[in-house]
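Trainee: Just need the structure, nothing else, for what follows:
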Amino acid sequence: MSVDQAPVPFLSPAVQRGFGFFETALLAGRRAVLWEPHLDRMHRILSGLDLPKPSRESLNAAARRVLDASPPKPTEQRALRLTWFAEGDDLDDPASFRLEAHLTPIPESRLARRSGSHCVSLPPDLQRDTPAVKSTSYFAAVQGGRLAKKAGGDEGLFRSPNGTYLEGTTTGLAAWNGGTPVLAPKGVLPSVTARRRAGRLQRGDPDGDPRPGYSRLSRGRGNRMGFAGGGRMGRNGSEVAGVRSGDGVARGRRAAA
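Mentor: Just a heads-up that it's a prediction; the model follows:
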């Protein structure tokens with residue numbers, strides 16, 4: 001049995017405690033969108049936590065193996081997920097960690113959200129345990145997505161205790177307040193897509209997708225909110241979608257500034 005097919009011990013930190021880290025990149029054919037920034041974030045998080053990290057070479061090799069095993073069609077879009085998780089108890093020993101790469105179809109719920117999202121405000125007491133870390137400890141996100149679906153929405157928005165919007169359960173959140181891109185400064189996962197897109201707009205970069213929906217998000221007037229990592233792909237490789245409706249609280253409110 002190959003290592004990537006071997007069972008994970010039930011009493012491992014990954015299973016019992018959700019101790020692991022991951023990155024998911026959008027694939028267009030064999031091209032991974034914003035691949036290097038995703039790898040940068042994983043390394044930055046692990047370095048900040050003083051934990052063992054996989055080499056850049058091993059991450060790229062794992063991605064190539066799964067792509068070679070399942071060659072894509074030229075225009076096919078899929079998700080490529082890298083996971084670095086703890087099987088052993090000694091979390092300072094690199095041998096305790098395992099790297100896996102998987103290709104998955106883009107969920108139907110995300111495809112539907114590309115034309116705009118109906119958002120649900122989540123209870124303020126539902127919070128990620130370590131929001132600045134992209135970890136496999138995902139209770140709050142799973143529960144938030146469940147609550148959003150039960151309320152008729154397709155995405156749930158986390159809020160700070162004072163009601164400020166932070167991020168979605170599977171997406172970054174940005175606001176265009178009077179045409180200026182605004183991201184939450186803390187209490188959220190640093191979104192690769194949101195920061196890249198907002199940075200381009202602030203520099204006056206004209207590259208963008210003029211299609212309806214996409215342009216509403218990137219060049220909208222007034223106060224609008226939109227997702228990063230949950231929409232359609234533009235020419236610059238970013239993936240964004242607009243917030244078309246809310247639960248009576250989300251629409252028109254400012255994101256964290």
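Trainee: use CA for all of it now, contacts and neighbours both
Mentor: Fine.
Trainee: okay, Ser117: pLDDT?
Mentor: pLDDT for Ser117: 85.
Trainee: One more: Gln5?
Mentor: On the pLDDT scale, Gln5 gets 63.
Trainee: For the strand or helix carrying Trp84, which strands pair with it and how are they oriented?
Mentor: Trp84 is part of strand 77-86, with elements assigned from DSSP states H and E. Strand 77-86 pairs in its sheet with strand 20-28 (antiparallel), strand 97-105 (antiparallel), by DSSP bridges.
Trainee: Could you dump these into TSV with mean neighbour count and distance to Ser117 added?
Mentor: Below are the strands paired with strand 77-86 laid out as TSV (neighbours: other Cα atoms under 10 Å; distance: least, Cα to Cα, whole Å):
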stretch	mean neighbour count	distance to Ser117
strand 20-28	21	19
strand 97-105	18	20
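Trainee: Make CSV from the ones you listed and add distance to Glu87 and mean pLDDT to it.
Mentor: Shown next, in CSV, are these (distance: least, Cα to Cα, whole Å; pLDDT from 0 to 100):
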stretch, distance to Glu87, mean pLDDT
strand 20-28, 9, 95
strand 97-105, 6, 96
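Trainee: Relative to Leu183, which of these is closest?
Mentor: strand 20-28 (20.2 Å; Cα to Cα).
Trainee: ok so, going back, for the strand holding Trp84, what is the average pLDDT?
Mentor: On average, strand 77-86 scores 96.
Trainee: how much distance is there from that strand to the middle of the chain?
Mentor: 11 Å (Cα atoms, centre = their mean, to the nearest Å).
Trainee: rewinding a little: out of the strands paired with strand 77-86, which comes closest to Lys134?
Mentor: strand 20-28 (5.8 Å).
Trainee: what's that closest one in contact with?
Mentor: 14, 32-35, 38-39, 42, 74-86, 133-137 (Cα atoms under 8 Å, 6 or more residues apart in numbering).
Trainee: how about a cut-off of 7 Å?
Mentor: With contact meaning Cα atoms under 7 Å, 6 or more residues apart in numbering, strand 20-28 is reached by 14, 32-33, 35, 38, 42, 75-86, 134-136.
Trainee: where exactly do the strands run in this protein?
Mentor: Ranges of strands within the chain are 20-28, 31-32, 77-86, 97-105, 117-121, 155-159, 165-168, 172-177, 180-183, 223-233, 239-245, based on DSSP state E.
Trainee: Just put these in CSV and tack on distance to Arg56.
Mentor: Below are these laid out as CSV (distance: least, Cα to Cα, whole Å):
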stretch, distance to Arg56
strand 20-28, 13
strand 31-32, 15
strand 77-86, 12
strand 97-105, 12
strand 117-121, 35
strand 155-159, 32
strand 165-168, 28
strand 172-177, 25
strand 180-183, 28
strand 223-233, 23
strand 239-245, 24
